[in-house]
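A.B. asks: Need coordinates for the following:
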Amino acid sequence: MKKNILLALLSGALLACAWVTYGITALIFIALVPLLLMEARIRRDYQHTKRKVFALSYLAFLTWNIPTTWWIWYSTQIGAIFAILANTLLMTLTFFLYHIVAKRMNRKVSLVFLVAIWLSFEKFHLTWDVSWPWLNLGNVFSEQVTWIQWYEYTGTFGGSLWVWLVNIVLFIGLTDYLSTKNRKAFARKVGVAMLFFAIPVVISYFQYINYSEAGKKTINAIVLQPNIDPYQEKYALSNQEVGRLLVQLATENIDNQVNFIITPETVFAENIKLQDLPVSWEVSILRTLLSHYPNVNWIAGASMIEFVRDKAQTTSQSNYLPDYGFWYNDYNSAFLLNRNAEVPLYHKSKLVVAVENFPYQQVLKPILGETLINLGGTVALKTTQPERTAFAGVDTEGKAAPIICYETIYGEFVTGYIKKGANFLAILTNDAWWRDTQGYKQLLSYTRLRAIETRRSVARSANTGVSAFINGRGDILKTLPYGTRGSLKGTIALNDELTFYVQMGDYIARIAYFLAFFVFLYAVLRKREKGRSTTGN
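C.D. replies: Numbers count the residues shown, from 1 in each chain. Predicted coordinates:
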């Protein structure tokens, strides 16, 4: 049993050591082999296997989750514990389903099921209310953009599939060698695994060197980095003070060629009444710059609130204040400000679990009360919107996708902006809650995946950093270092073409859903038929 424990720990350690911004990416192609060996050994050597596989799988995935996402602790301690333990459990249950099928089916079918059920789990983790897809396997290549230019066809699910294919080929080769000691057969399997690794890399490299943004229309943008400490200054500074700071930072780099200025997420932290936004102090302060540069388009992040007294106008995301007898909608928003009187809005629609939103609150709140609802964030539900919005600027062909922070990690979600006409990505984020850890570095890195999938350039404004400009093949062109106050000016290309991934979305995951369902159903029914046959004899 000690060897199986070591195999589980080894797999978790390799997964962690392969992860984004600090690890050695290539380790991902061997990281799952020890886990598969552990499961196969238990299935071979023990009669009662389920508890052992479950416990050791949990150990492996916990070893992966802790070092890669521990930094959540800085924004919410209870939320961090919940995220790590719950995500580990979901991974374990997914692998446990593979174990159940592997006990009933042959190796080829069960391994096909493993890939399908894991991709299904990753897709599920992108869509349900307790979504936390930070460790989806395809994200691991965000620093290796020369390897994954074909993400414009597959999205990150192509990367997850790639990881499993290479690991499974090596696993088959190793298990066959351990039973037959046939070195030539093992060498052939290693060779196949190397081809599975090398061919996508070669294809990607040719895509990378041949991709060009020459001839595309361009815009000039400024991203602002006010470097406001969310634990000390964010709620101490008034919106008016923040507005003046933003104008000051923008003035450092502005000229008549600038088309867009982008601020961080909720840089205006004091709630602005939704209906008062066009005539608010915040808008008035930003308009002082527009009086000198009328062609500029501000994209700014703000906390907003809307009071509702008519229950008929509320939604499932409205919050009720019984002491006052009315409801309110709480928004994390982006707005577009230019010389036009209208001020278009977008409300953040992918929310951070426990920090911004407690899932299934209408069901759980009557049971738990207020005690367990607040996991370091808010007891209020944030109000989202069903569709994406694209911000069209004045005197420019630029049309921005106003992506707010956490939304960055959702590939198919981001394609919704592109389908609305966005030809570049404007990312507003505040990663300062995680302090100077891997958290903000990883989120910046994941942004490169969205650039490749959509072939859209990125202008990213981060409160404390890292603010950046990224081109359509995922190269980081310019950055403003973490923990500095300033502004960054850059020129980015516009692209109106739709990639295959933008058009088709997560089609690989949808195929995996059907495949996993039918294989699992067949495995269960097959056992029942076998049991009936045995009973009849």
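
A.B. asks: In contact with residue 286, which residues?
C.D. replies: 243, 246, 247, 298, 300, 337 (CB atoms under 8 Å, 6 or more residues apart in numbering). Placement of C-beta: from N, CA and C, glycine included.

A.B. asks: try residue 439
C.D. replies: Each residue near residue 439 by CB under 8 Å, 6+ apart is listed here: 69, 71, 72, 74, 431.

A.B. asks: quick one: it from residue 351, how far?
C.D. replies: Per CB to CB, to the nearest Å, residue 439 is found 17 Å from residue 351.

A.B. asks: Could you do residue 85 as well?
C.D. replies: Look at residue 85 and residue 351: by CB to CB, they are 20 Å apart.

A.B. asks: Please say which of the two ends up with more neighbours.
C.D. replies: Taking other CB atoms under 10 Å, residue 85 and residue 351 do not tie; residue 351 has more neighbours (24 against 14).

A.B. asks: Quickly list what the closest residue to the more buried one other than its chain neighbours is bridged to.
C.D. replies: Distances taken as CB to CB, 6 or more residues apart in numbering place residue 357 nearest to residue 351, at 4.0 Å, with adjacent residues excluded. With DSSP bridges applied, residue 357 shows beta-bridge pairing to residue 353.

A.B. asks: what about residue 357, neighbour count?
C.D. replies: 23.

A.B. asks: That one contacts residue 406, doesn't it?
C.D. replies: No. Using CB atoms under 8 Å as the test, residue 357 is too far from residue 406 to be in contact (10.5 Å).

A.B. asks: which residues do those two both contact?
C.D. replies: Listed as contacting both residue 357 and residue 406 by CB under 8 Å, 6+ apart are residue 351.

A.B. asks: Let me see the contact set for the spatially most central residue of the chain.
C.D. replies: A centroid search over the chain (CA atoms, centre = their mean) returns residue 409, at 2.0 Å, as the residue closest to the centre. Contact analysis of residue 409 by CB under 8 Å, 6+ apart lists 133, 134, 139, 443, 446.

A.B. asks: how about the helix or strand hosting the fourth one: buried residues?
C.D. replies: So that's residue 443. Assessed by DSSP states H and E, residue 443 sits inside helix 438-454. Within helix 438-454, the residues scored as buried using 16 or more other CB atoms under 10 Å are 438-454.

A.B. asks: Tell me who's in contact with the residue nearest to residue 340 when sequence neighbours are not counted.
C.D. replies: Of all residues not flanking residue 340 in the chain, residue 394 sits nearest, at 6.4 Å (CB to CB, 6+ apart). Contact partners of residue 394, counting by CB under 8 Å, 6+ apart, are 295, 297, 338, 339, 340.

A.B. asks: Now the second one, what are its backbone angles?
C.D. replies: Per-residue torsions, residue 297: phi -120, psi 120 (degrees, to the nearest 10).

A.B. asks: Tell me which residues touch the residue nearest to it when sequence neighbours are not counted, please.
C.D. replies: Among residues not flanking residue 297 along the chain, residue 393 sits closest, at 3.8 Å (CB to CB, 6+ apart). Residues near residue 393 by CB under 8 Å, 6+ apart: 219, 259, 260, 297, 336, 338, 399, 400.

A.B. asks: change it to 7 Å
C.D. replies: Taking CB atoms under 7 Å, 6 or more residues apart in numbering, we find residue 393 in contact with 259, 260, 297, 338.

A.B. asks: repeat for residue 221
C.D. replies: Counting by CB under 7 Å, 6+ apart, residue 221 touches 259, 260, 262, 459, 490, 492.

A.B. asks: Strand partners (parallel or antiparallel) of the helix or strand hosting it?
C.D. replies: Assigned by DSSP H and E, residue 221 belongs to strand 218-225. Next to strand 218-225 in the sheet, as set by DSSP bridges, lie strand 260-262 (parallel), strand 486-493 (antiparallel).

A.B. asks: Pull the distance from that strand to the chain's centre.
C.D. replies: Computed by CA atoms, centre = their mean, to the nearest Å, the chain-centroid distance of strand 218-225 equals 23 Å.

A.B. asks: Give the buried residues for it.
C.D. replies: With burial defined by 16+ other CB under 10 Å, the residues of strand 218-225 counted as buried are 218, 219, 220, 221, 222, 223, 224, 225.

A.B. asks: Just name the shakiest helix or strand of the protein by mean pLDDT.
C.D. replies: Here the helix or strand of the chain ranked lowest by mean pLDDT, DSSP states H and E is helix 361-368, holding a mean of 58.
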